[in-house]
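Student: Predicted model and sequence follow; I will ask about them next.
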Amino acid sequence: MARRTPPASTRTAAVKTSQAERMLNLLALLVDRTQPLTLRQIRHELRAQYPDGDEAARAAFERDKAALREMGIPFEMKTLGGDAAGEAAYWVNRANYELGDLRLTDAEREALQLAVATVRLGAQHGDQALWKLGVERALGPRTTVVDLGLDTERTRTITDAVMQRRTLHFGYKGEIRTVDPYGMLSRSGFWYVIGHDHLRGAQRVFRVDRIEGDVRAGAAQAFARPKNFDVRAAVPTEQQMLAVGDGEITTARVLVDSTLAGGVRRDFGDGAVVCEHDSGSVEFAIPCANLGAFRSWVFAMVDGAEVLGPREIRDAVVGWLREMAGR
Amino acid sequence: MAPRERRPARRGTARSAARGKGRASRSARSAARGTGRPARSAARATRRRGPRSAAERVTGLLVMLPWVMARTRVSIATMARQFDLTEAELIEDLQMAAVCGVPPYTPDALIDVFMDGGEVIAEVPLVFSRPLKLNTAELFALRVMGEAALAMPGAAADGPLATALAKLRPLMPAGADTVAVDLPKARFVKELRAAVETCERQEIDYFSPSSRARTTRAITPRRVFEDAGRWYVTADDHLSGADRVFRIDRIERVTPLGIRDEPRPLTDDDLPWFSADLPTVTLRVGPEARWIVETYPYVQRTERADGGLEVTLSVTSEHWLGRLLLRAGRSAEVLEPATYRGIGVMTARRVLARYEAGA
């Protein structure tokens, strides 16, 4: 067994106790005692760990108290009456800072460990959480990786605002927006913040990476989130984007070559299939209201797809092609 | 042509990282990190600098003590690695904890942790045996990571992860459930993840749109990852004899070959997406086609006063460039080299021919 250095009690006042050691002893003392203790009592119990002078001892104690509170320790205080009237007494209720037993099974611990090993947030909080739950963080090389990139000052401000219901102020498309953030969604490599836009008087979706400049957050509990707010439904998917536009929604019939048809079927579902040709090519019914988005989608298949109808959409496609082809 | 995929973001190309540029969202971050290594190493490297503060050491101990008490015995080396401390730092912290306790500070009133034969031993919990509550940031991290892991193809919606998250739910801050993660769906992600674990060689059919060709090849999957809405697998490609990155949604068949290869963990997270000798093209891009720089890695970009920009991209194939120009239409124009100037017109004519034949 490693030789222990003598406990604090046997030391003389001349031996300076480190702040870390004193903080641990202070916390242990307050957790151990059922009654609140005054600084005088604390100094007596901790022997010579605080400086001798009253003023110096008070300053050191205040530093320790602030640091412990910063760690999330609920360091509480009350002013005594009676004989000790006016004197402050301190206590820590361990039930207020200790994690209750969540009764996680071994399989659940492993599942959390795997989740933390697979997903990168860009901060260390996941590991800290695992340790507190008594789980080990996985140390081997990561074989599956999902990177959510929530490590910037901006995303921290926004996630905090979502949870604390703080109104946000930021620049977006050249305007200053004031937004009550209801939720956040990560989809296709981007984070979106969804909320009530005071400028437009309506719910809007903002792409976080398109926010211009700094994000400022106001006071907590500043707004109420609508009941049944569905963060996924609030952000249109790429397929829905084709159907969101200024124009009337039409359905375009698009013939897709066999090599590309599988991907289109996965994106739009079997419901979009009109018919399958013997060659393996497949005819799809694709929503089309936003012609710009539709163009980008259909031209990504180059000559592997052809718009069959309706007439006005096919004509538009041919028009774009002629313009580019210089004919 | 080798199945070299266009998709940069998280890793950024070596070049974009070197120039401190990249896709606006995530590659900018990996560029900032330098090599795109896991963020944690960077965070910890920072933490290590300089002496540790008293608060840092106490916080660490309040996390480590319950953890080790739950295990009774852990080797010093293992524990140091787990908490990313040097062995000297860990020993220093535990020696300090061992002389702390409650009055009268007799041996039975001290934190019962000691080191013997290279092990940390904590047998009798006295104080600090229960872990601290999870703070908001930690709960949020668990929730988001758990959400993402549940969104992975093949994850069981009612498995242990889901039940673990359900147990944590009462502790969650109120707004945590309105932060969600969607991951792309793709076939074979589950199979390929399993193959990474077992190092079993797989035969795949892979469709490359840039060559419109389908190849059958044997690969040994090494890592599966998601980036910007797509799943990828990094693998030893036995056809080309090199490391390759494949887009999983373009894999049409996966068949295990029953051959186990040696484990070869990828430690370098910065596999090049493109070799440095690929040709480049410089485009003038209008504001409507800014998606180009959000979607593709670029070597260099210059913002213009009119909201547009000039961007230089690596060209993996002329087919790819033609497709890009077709999608962007009038919003993108080739500035140089001159040899690429006709590609947009040629591509448009090829597609037009199909429409004219079918008219």
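Tutor: Nice, I can see it. Numbering: from 1, shown residues only, chains lettered A, B, ... in the order given.
Student: gap between B:L352 and chain A?
Tutor: Noted for B:L352: a distance of 4 Å to chain A, by Cβ to the nearest Cβ, to the nearest Å. All C-beta atoms are positioned from the backbone trio N, CA, C, and that covers glycine.
Student: Also B:P279?
Tutor: To chain A, B:P279 is 20 Å away according to Cβ to the nearest Cβ.
Student: and if you look at B:D112?
Tutor: B:D112 sits 11 Å away from chain A, taking Cβ to the nearest Cβ as the criterion.
Student: Tell me the secondary structure of that residue, please.
Tutor: With DSSP: H, G, I helix; E, B strand; the rest coil as the basis, B:D112 sits in coil.
Student: Pretty sure it sits against B:A122.
Tutor: Yes: the criterion here is Cβ atoms under 8 Å, and B:D112 meets it with B:A122 at 6.2 Å.
Student: With neighbour numbers in mind, choose between the two.
Tutor: Between B:D112 and B:A122, B:A122 has the larger neighbour count (other Cβ atoms under 10 Å in any protein chain shown), namely 26 against 19.
Student: show me the contacts for that one.
Tutor: By Cβ atoms under 8 Å, 6 or more residues apart in numbering or on different chains, the contact set of B:A122 is B:65, B:68-69, B:71-73, B:112-113.
Student: Point out the ones among these that are inside strands.
Tutor: Here DSSP state E is the test, and the contacts of B:A122 give B:R73 as lying in strands.
Student: Check the contacts of B:A122 for the minimum pLDDT and say which it is.
Tutor: When the contacts of B:A122 are compared by pLDDT, B:D112 scores lowest at 87.
Student: Let me see the domain layout of chain A.
Tutor: Annotated domains of chain A cover A:14-96, A:106-147, A:153-228, A:240-325 [automatic domain parsing].
Student: Need the winner for burial among these.
Tutor: domain A:106-147 (a mean of 20; mean count of other Cβ atoms under 10 Å in any protein chain shown).
Student: Endpoints of that one, how far apart?
Tutor: End-to-end distance for domain A:106-147: 26 Å, by Cα to Cα, to the nearest Å.
Student: Report the rounded mean pLDDT for it.
Tutor: Mean predicted lDDT for domain A:106-147 stands at 83.
Student: same deal with stretch B:77-86?
Tutor: Stretch B:77-86 comes out at a mean pLDDT of 93.
Student: low-scoring stretches of the chain, by residue?
Tutor: I went with chain A, as the question did not name one. Within chain A, the stretches with pLDDT under 70 are A:1-17, A:122-123, A:242-249, A:327.
Student: wrong one, chain B
Tutor: In chain B (pLDDT under 70), the answer is B:1-50, B:209-211, B:265-277, B:358-359.
Student: Tell me who's in contact with the residue nearest the centre of chain A.
Tutor: Nearest to the geometric centre of chain A sits A:T159, at 5.1 Å (Cα atoms, centre = their mean). Shown in contact with A:T159 (Cβ under 8 Å, 6+ apart): A:150, A:184, B:140, B:179.
Student: Phi, psi for the residue nearest to the second one when sequence neighbours are not counted please.
Tutor: Read that as A:M184. Once flanking residues are discounted, A:M184 sits nearest to B:V179: 4.6 Å by Cβ to Cβ, 6 or more residues apart in numbering or on different chains. Note on B:V179: its backbone torsions stand at phi -110, psi 120 [degrees, to the nearest 10].
Student: do the same with B:R223
Tutor: Dihedral angles for B:R223 - degrees, to the nearest 10 - are phi -160, psi 140.
Student: so which strand or helix has the residue lying closest to it once chain neighbours are set aside?
Tutor: Distance criterion Cβ to Cβ, 6+ apart; nearest residue to B:R223, sequence neighbours excluded, is B:T234 at 4.5 Å. Element membership for B:T234 (DSSP states H and E) is strand B:230-237.
Student: Now do the same contact list for the closest residue to B:A176 other than its chain neighbours.
Tutor: Closest residue to B:A176 apart from its sequence neighbours, by Cβ to Cβ, 6+ apart: B:R143 at 4.8 Å. Going by Cβ under 8 Å, 6+ apart, B:R143 touches B:165, B:168, B:172, B:176-177, B:179.
Student: buried stuff in stretch B:98-109?
Tutor: B:98-103, B:105, B:109 (16 or more other Cβ atoms under 10 Å in any protein chain shown).
Student: hmm, back to that, list of residues touching the strand holding B:T234?
Tutor: Strand B:230-237 is contacted from outside by B:2-3, B:5, B:7, B:153, B:184, B:186, B:189, B:192, B:196, B:217, B:219-226, B:243-249, B:251, B:261, B:264, B:266, B:271, using Cβ under 8 Å, 6+ apart.
Student: Paired strands for that strand, with orientation please.
Tutor: Sheet pairing of strand B:230-237 (DSSP bridges) gives strand B:213-227 (antiparallel), strand B:242-247 (antiparallel).
Student: Now do the strands in the stretch 1-150 of chain A.
Tutor: Applying DSSP state E, counting those that start in this stretch to the stretch 1-150 of chain A gives strands spanning A:37-38, A:75-79, A:88-92, A:119-120, A:144-147.
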